[in-house]
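*Asks:* Okay, structure incoming, though there's no sequence with it:
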């Protein structure tokens, strides 16, 4: 290691309740202004922590003149992973201020989540612990509902981090006096299976997945047409449990799709029997939620607008009206930047401001998924050429991220269109035109004209329904204070323009 | 200094208590914590470069390195700064009371508010050399560097290796530089000592065995014969340094290096 990067400050972050210590070494490069250095170190020393964290956190920053000899003076750092970063990675040169949120996030990761200072890029995987980033506002809202005993429907497109958020809620359920039961409904194909899964997860939580599946299968085979009665018995028993339960049920609409056998491509119409079965399940499930409302709370997730989905499929649109809706929003520009920098610094990559700015402009408004896609490419680019330019980044963006090779990452958004059924051609036409319209988007009446020219479905409500779908599914957004719409994510827009014309 | 005298002094300077003055000093020297590592880095990089230059076409060996004070304290603690300022006032007042014949050189009295411009060792570190002759080589390099540097200006150079006792402090054998660092629009003074490893070793022991007691006003308890032996050890090590130097030069000559 270059001798010059051995001088700086060693930051020690200690959880005083467990005595766990983590370290970050901030070295000076020599050309940074003294004020920047001072602002960062003093910012760290004077960091205002949330009260809960403040009580158990001790942060110290000490001068180090030779990091390579640190182990001699601080034997506790031996064989520990220490992030070694330039001190100016925590300095906002534009506002000449300490990047408080970037550092605070690391402290929360260490003290509260018992993880690493920076999150890791968990592209296409569920992010947990310190890898789960932000979403504080949504999580707090969900907890407020739960504490009031209200069921919650968490909405947001696929890949936007609903499952990760659910895990996050699950991990802190015990602290809130609730026993969590998490079930992925995407792999539930019948009401019998639903009842059986609930039963095994509540009654046999300690069993292995194989054992649980075996037991669930046995129950499923035995209850057949008796699932409503048997299911009711299960919920009645649950209501008598010592601890209140928190059911975390992921991808509810996908389960309903399976009940309606919408994946059966041979059929154009939904089978009336399937519809009736689904309808009776929805009513039954609603009754169960109502009957055990003081003992069980349900947190459901859905990638589609559930109300519109139910209505569209001829089901009772108010079946889930007991659930308070919480929408997963885009990250704002500050959060995007903090997340980008956290991922980069976690990989030991410090990029100049103009590159961070470019990355932020590509990914804002952001979702973890899009940011993770970009970061994957940026890390590869950096490994090939640590001094890559804004132009190199733009080229990678055009050719790799949103280019043909990036298709796999966007498949989910293309596939989602299937659920639009007969409305798909109209929706496609709208997105095609909006993709070419740029940041200013198009007026609502122009979009309506495009829709009418490409869809066989007519009637004024039809256009509003599809516009509602596209907006709800985060494809498009209404530009504030105007009657114009545009693509919600510039990255998805660019991909659409390049690949879906 | 007696507590009453100290309080009188502090009040005259506009401070309610020592703690109040320490807070003031702490604020004044706050920036130094961030300037000092930058200076240390500059010198570390320079010394590394000079080492490489020195060893070009020579057998590999340890030549020189920059080292920081124990605990990486490149800057003086505010408490120590206050102590030093108060001490200087006490020394000055004692000097004033001396008869004209006994007075000698006027001791330095630090301005309690403007001490940053006169106290030269608020930032300090050392460069240790293997041989005495290495010191000469590095001394030249340091002076050349200061001449060319836009930001670092040499204000003073004292040779406490060649200077005979009592013109130098007992035991202390180093080349001592005072520099001015011009950064942004401000300046900071700092001190660099260039000495051999043996001189540094003596200094470390002296610090532990004598100086730490002196700092807590217990130094007088150490009898003169022990102090003399401590001082003699510094001379022994200096002699050792000169012997090592001539051994090196003779062996190199034999080896044709």
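*Replies:* Great, that's in hand. What you see is a predicted model; the values in this text were computed from it and never measured.

*Asks:* which secondary structure element contains residue A:120?
*Replies:* For residue A:120, there is no enclosing helix or strand under DSSP states H and E.

*Asks:* any idea how far chain B is from it?
*Replies:* 30 Å (C-beta to the nearest C-beta, to the nearest Å). (Each C-beta comes from the backbone N, C-alpha and C, glycine too.)

*Asks:* OK, contacts around residue B:20?
*Replies:* Remark: with contacts taken as C-beta atoms under 8 Å, 6 or more residues apart in numbering or on different chains, residue B:20 is in contact with residue B:10.

*Asks:* Next one, pLDDT for it please.
*Replies:* Among the per-residue scores, residue B:20 holds a pLDDT of 96.

*Asks:* and if you look at residue A:1?
*Replies:* For residue A:1, pLDDT reads 41.

*Asks:* Near chain B, which residues of chain A? Just list them.
*Replies:* Proximity of chain A to chain B is confined to A:3-4, A:6-9, A:28, A:30, A:33-35, A:37-38, A:41, A:62-66, A:73 under the rule C-beta under 8 Å from any C-beta of the partner chain.

*Asks:* In strands, which of those residues fall?
*Replies:* Taking DSSP state E as the definition of strands, those contribute A:8-9, A:62-64.

*Asks:* Quick check, central residue of the chain?
*Replies:* All of this refers to chain A. Note on chain A: the residue nearest the mean C-alpha position is residue A:161, at 1.8 Å, using C-alpha atoms, centre = their mean.

*Asks:* right idea, wrong chain: chain B
*Replies:* Nearest to the geometric centre of chain B sits residue B:193, at 5.4 Å (C-alpha atoms, centre = their mean).

*Asks:* now the helix or strand hosting that residue: mean pLDDT?
*Replies:* Following DSSP H and E, the helix or strand that holds residue B:193 is strand B:186-196. Across strand B:186-196, pLDDT averages out at 95.

*Asks:* From the contact counts, what lies against the helix or strand following that strand?
*Replies:* Going down the chain from strand B:186-196, the next helix or strand is helix B:197-206, by DSSP H and E. Contact here means 3 or more C-beta pairs under 8 Å, 6 or more residues apart in numbering or on different chains; DSSP states H and E; on that basis helix B:197-206 packs against strand B:124-129, helix B:224-254.

*Asks:* ok, 6 Å please
*Replies:* Helix B:197-206 sits against helix B:224-254, with contacts defined as 3 or more C-beta pairs under 6 Å, 6 or more residues apart in numbering or on different chains; DSSP states H and E.

*Asks:* Now do the residue lying farthest from the centre of chain A against chain B, distance only.
*Replies:* No residue in chain A sits farther from the centre than residue A:72, which is 42.5 Å out by C-alpha atoms, centre = their mean. In this view, residue A:72 and chain B are 12 Å apart by C-beta to the nearest C-beta.

*Asks:* where does the residue of the stretch 151-300 of chain A found nearest chain B land in three-state SS?
*Replies:* As assessed by C-beta to the nearest C-beta, chain B sits closest to residue A:168 within the stretch 151-300 of chain A, at 38.0 Å. Following DSSP: H, G, I helix; E, B strand; the rest coil, we place residue A:168 in the helix state.

*Asks:* Show me which residues of the stretch 101-250 of chain B are close to chain A?
*Replies:* residue B:183 (C-beta under 6 Å from any C-beta of the partner chain).

*Asks:* Can you get me a residue count around the closest residue to residue A:332 other than its chain neighbours?
*Replies:* Distances taken as C-beta to C-beta, 6 or more residues apart in numbering or on different chains put residue A:365 closest to residue A:332, at 7.1 Å, once the chain neighbours are dropped. Residue A:365: 18 surrounding residues under other C-beta atoms under 10 Å in any protein chain shown.

*Asks:* from the residues of chain A next to chain B, which would you call buried?
*Replies:* Neighbour counting by 16 or more other C-beta atoms under 10 Å in any protein chain shown classes A:3, A:6-9, A:28, A:33-34, A:37-38, A:41, A:63-66 among these as buried.

*Asks:* Let me see the ranges of the strands in the stretch 1-150 of chain B.
*Replies:* Per DSSP state E, counting those that start in this stretch, the stretch 1-150 of chain B carries strands over the ranges B:64-67, B:124-129.

*Asks:* quick check: longest helix of chain A.
*Replies:* Looking across chain A with DSSP state H, the single longest helix is helix A:272-291.

*Asks:* what's the offset of whichever helix or strand comes after that helix from the middle of its chain?
*Replies:* Proceeding N to C from helix A:272-291, the next assigned helix or strand is strand A:296-302, under DSSP H and E. Averaged C-alpha coordinates place strand A:296-302 at 16 Å from its chain's average position (C-alpha atoms, centre = their mean, to the nearest Å).

*Asks:* For strand A:296-302, give the mean pLDDT please.
*Replies:* According to the model, strand A:296-302 has a mean pLDDT of 92.

*Asks:* Please list the residues outside the very next helix or strand once past it that contact it.
*Replies:* Once the chain leaves strand A:296-302, the next helix or strand it forms, by DSSP H and E, is helix A:306-312. Outside helix A:306-312, the residues that touch it by C-beta atoms under 6 Å, 6 or more residues apart in numbering or on different chains are A:253, A:317, A:320.

*Asks:* can you pull the buried residues of helix A:306-312?
*Replies:* A:306-307, A:309-310, A:312.

*Asks:* Distance check, the residue nearest to residue A:332 against residue A:491.
*Replies:* 10 Å (C-beta to C-beta, to the nearest Å).

*Asks:* Same question for residue A:139.
*Replies:* Residue A:139 sits 25 Å away from residue A:491, going by C-beta to C-beta.

*Asks:* And those two? Which one has more around it.
*Replies:* residue A:491 (25 against 16).

*Asks:* Spell out which helix or strand contains that one, please.
*Replies:* Per DSSP H and E: helix A:490-499 holds residue A:491.

*Asks:* now residue A:257
*Replies:* helix A:252-259.

*Asks:* which secondary structure elements does that helix contact?
*Replies:* Judged by 3+ C-beta pairs under 6 Å, 6+ apart, the packing partners of helix A:252-259 are strand A:296-302.

*Asks:* Contacts made by the strand it packs on with the rest, please.
*Replies:* A:146, A:151-155, A:162, A:245-250, A:252-253, A:289.

*Asks:* Return the list of strands paired to it, each annotated with direction.
*Replies:* With DSSP bridges as the test, strand A:296-302 is paired with strand A:151-155 (parallel), strand A:244-250 (parallel).

*Asks:* what sits up against the longest one?
*Replies:* I take that to be strand A:244-250. A:163, A:166, A:170, A:173, A:178-185, A:295-301.

*Asks:* outside of the longest helix of chain A, which residues touch it?
*Replies:* So helix A:272-291 is contacted by A:191, A:228, A:235, A:256, A:259-261, A:298, A:315, A:319 (C-beta under 6 Å, 6+ apart).

*Asks:* average pLDDT for it?
*Replies:* 92.

*Asks:* now the angle between strand A:296-302 and it, please.
*Replies:* 140 degrees (axes from the mean of the first three to the mean of the last three C-alpha atoms, to 10 degrees).
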